[in-house]
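Peer 1: Structure for the following, please:
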Amino acid sequence: MSAPPAASSPTVDGAPRRGPAPVFALSAALLGFFVITLDASVVNVALPDIRGDLGGDMSGLQWVMDGYTLMFAALLLSAGSLSDRAGARRAFGIGLAVFVASSTACGLAPDLVTLVVARMVQGLGAAMMTPSSLALIREAYDDPVKRGRAIALWTIGGAVAAAAGPVTGGALALISWRMIFFVNLPVGLVALLLLLRVAHSPRRDVPFDWIGQIAAVLAMGALTFGVIEAGAEGLGGPRVLVSLAVTVLALVVFVAAQARGKQPMVPLDLFRSRTVVIASGTGFAFIGGFQGMVFVYSLYYQQQRGLSSFATGLAFVPMTILSAFVSVLAARLAERFGPRVPIVGGMLLMGAGTTMLTFLPSSTPVWALSLVMIPVGICGPLAMAPTTAVLLESVPAHRAGVASGVFNTSRQLGGALAVAVFGALLAGRDGMLHGLRASLAITAVMAFAGAAANLFLRPARQP
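Peer 2: Predicted coordinates for the structure are as follows:
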């Protein structure tokens, strides 16, 4: 059931009345998705400033990144159900209010622990906003063509935010790292005001898998904690062993809940589809490599090369500036040659770029490093849109939301684990440069594995 369209609707006396314009729903959803995506990347270049102000070690900086990403990833699995139960408008408003309030807490954080906790709450708000923002657009636009254009604008907003994240973070950090979080306040408030002009959304009494959701949060959180602590304690450390044991136990509970539950949030037979497995693995590999690379180079540029936060942000501009142009190219390649060509090509470019970075000498100028990063940046718009399209075409319509949730969760989990693993390598005994090269080598292996896996992809046949 859809919300009333923006066209006229009858009143009690029979006179026509104008409903809310769809542009209000689109604008609110676009602004919300923009800040969600921005906060996944804007913090990277400010990490040295945060440590200089609040103290802490490498594991603390890793949790500043992963606290947000983990909660975002784990709660995405059931956020769609929550959106249906509360109604898209209400769920989006609650998520946005939580996000704005936690952004304020981040900006005012007196210590690193408070900042990490506030980042986790930010991730909770982001998870609530993501599916409900798309639902708002779907309810506001009855015309499929106009709805498709609106969703395209929504997607472009996220791409712009991802590309602008590092340089925006660097510019704001020149004033204070706290400005990175305070900038969310005016944007969030404008989105809330726009939301007041959006029609109320219908609610649906859908089941919620509490056991599966709690088990998913525990499994992802314990695994990430264990990987981060392994960098400081080693794999045999007591906290590492306990966290890995909790991970296994929580994973067993999660699988059992999905296998035996009447309404599982992730039906296990979904993974019988080769396309679902390959697409989720591709998303994991790309986001893991991309976010992990930005994380390690943000620290390397400032701690080893002496760059300022703003100069560090500028160093990432060549990698991200071509995103909009490559998105158009990817669509045309997929239409002409099928989706495997841009997906495999994008993952090969990422693998080639990170391989070159791995073997470049430490004296390589920053501008040269920025140029070599361009193939890595091209991979995202080249490979991710066709991957998403293939995934959604491979599942029945009633499972599109579940498949999308699994895909996006795997992407966010890839980013969280990459920050955990790469941060542990940077903090290792062999030094930052060795950890940087090891991280790049892992990224290259993941990218080439993703390219090879997509050779076995079986896209749905087009009529």
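
Peer 1: Just the CA trace of stretch 190-199, in CSV.
Peer 2: Provided in CSV are the C-alpha atoms of stretch 190-199 (Å, rounded to 0.1, in the frame of the first residue of the first chain):
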residue,chain,number,x,y,z
VAL,A,190,16.8,20.7,7.5
ALA,A,191,15.9,17.0,6.7
LEU,A,192,13.7,16.8,9.7
LEU,A,193,11.9,20.0,8.7
LEU,A,194,11.4,18.6,5.2
LEU,A,195,10.0,15.4,6.7
LEU,A,196,7.2,17.4,8.3
ARG,A,197,5.9,18.0,4.8
VAL,A,198,5.8,14.3,3.9
ALA,A,199,2.6,12.2,4.1
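
Peer 1: roughly how far is it from the heart of the chain?
Peer 2: 24 Å (Cα atoms, centre = their mean, to the nearest Å).

Peer 1: So which bits of it are buried?
Peer 2: Counting neighbours by 16 or more other Cβ atoms under 10 Å, one finds that the buried residues in stretch 190-199 are 191-192, 194-195, 198-199. For glycine as for every other residue, the C-beta is placed from the backbone atoms N, C-alpha and C.

Peer 1: Go ahead and measure how far stretch 359-366 is from the middle of the chain.
Peer 2: For stretch 359-366, the distance to the chain centre is 30 Å (Cα atoms, centre = their mean).

Peer 1: which residues touch it?
Peer 2: Residues outside stretch 359-366 that contact it (Cβ atoms under 8 Å, 6 or more residues apart in numbering) are 301, 305, 307, 315, 368-369, 372, 433.

Peer 1: ok, now with 10 Å
Peer 2: Applying Cβ atoms under 10 Å, 6 or more residues apart in numbering, the contact partners of stretch 359-366 are 297, 300-301, 304-305, 307, 311-312, 314-315, 357, 368-369, 371-372, 433, 436-437, 440-441.

Peer 1: And these, which of them are buried?
Peer 2: So, by 16+ other Cβ under 10 Å, the buried ones in the contacts of stretch 359-366 are 297, 300-301, 307, 311-312, 314-315, 357, 369, 372, 436-437, 440-441.

Peer 1: quick one on the thing from earlier: which one among the buried residues of stretch 190-199 sits at the bottom for pLDDT?
Peer 2: Model confidence across the buried residues of stretch 190-199 bottoms out at Ala199, which has 72.

Peer 1: Assumed that residue was part of a strand.
Peer 2: No. Read with DSSP: H, G, I helix; E, B strand; the rest coil, Ala199 is coil and lies in no strand.

Peer 1: That one contacts Arg90, doesn't it?
Peer 2: No. The criterion here is Cβ atoms under 10 Å, and Ala199 misses it with Arg90 at 11.8 Å.

Peer 1: quick revisit: just give me the closest of the buried residues of stretch 190-199 to Gly60.
Peer 2: Within the buried residues of stretch 190-199, the smallest distance to Gly60 is 30.7 Å, found for Ala191 (Cβ to Cβ).

Peer 1: and the closest one, what element?
Peer 2: In this assignment (DSSP states H and E), Ala191 forms part of helix 184-195.

Peer 1: List the buried residues in the next helix or strand after that helix.
Peer 2: Of the helices and strands lying after helix 184-195 in sequence (DSSP H and E), the nearest is helix 210-233. Residues 211-213, 215-231 are the ones in helix 210-233 that count as buried (16+ other Cβ under 10 Å).

Peer 1: Can you get me a residue count around the closest residue to Gly377 other than its chain neighbours?
Peer 2: The shortest distance from Gly377 to any non-neighbouring residue, by Cβ to Cβ, 6 or more residues apart in numbering, is to Met319 (3.4 Å). Close neighbours of Met319, defined as other Cβ atoms under 10 Å, add up to 27.

Peer 1: dump the residue contacts of Met319.
Peer 2: With Cβ under 10 Å, 6+ apart, Met319 has these contacts: 163, 166, 290, 293-294, 297, 353, 369-380.

Peer 1: Among the residues you listed, name the buried ones.
Peer 2: 163, 166, 290, 293-294, 297, 353, 369-370, 372-373, 375-380.

Peer 1: Touching, Phe34 and Ala161? I think so.
Peer 2: Yes. Here Phe34 lies in contact with Ala161, judged by Cβ under 10 Å, at a distance of 4.7 Å.

Peer 1: And the average pLDDT for the helix or strand containing Phe290 is what?
Peer 2: Assigned by DSSP H and E, Phe290 belongs to helix 274-303. The average pLDDT for helix 274-303 rounds to 89.

Peer 1: Now the element after it, going C-ward?
Peer 2: helix 309-315.

Peer 1: CA atoms only for that next one, dumped as CSV, please.
Peer 2: Taking Å, rounded to 0.1, in the frame of the first residue of the first chain, the C-alpha atoms of helix 309-315 are listed here in CSV:
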residue,chain,number,x,y,z
SER,A,309,44.7,16.7,7.4
PHE,A,310,43.6,18.9,4.5
ALA,A,311,46.5,17.9,2.2
THR,A,312,45.7,14.3,3.0
GLY,A,313,42.1,14.8,2.0
LEU,A,314,43.3,16.4,-1.3
ALA,A,315,45.5,13.4,-2.0
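
Peer 1: That helix: how far from the chain's middle?
Peer 2: The answer for helix 309-315 is 22 Å, by Cα atoms, centre = their mean.
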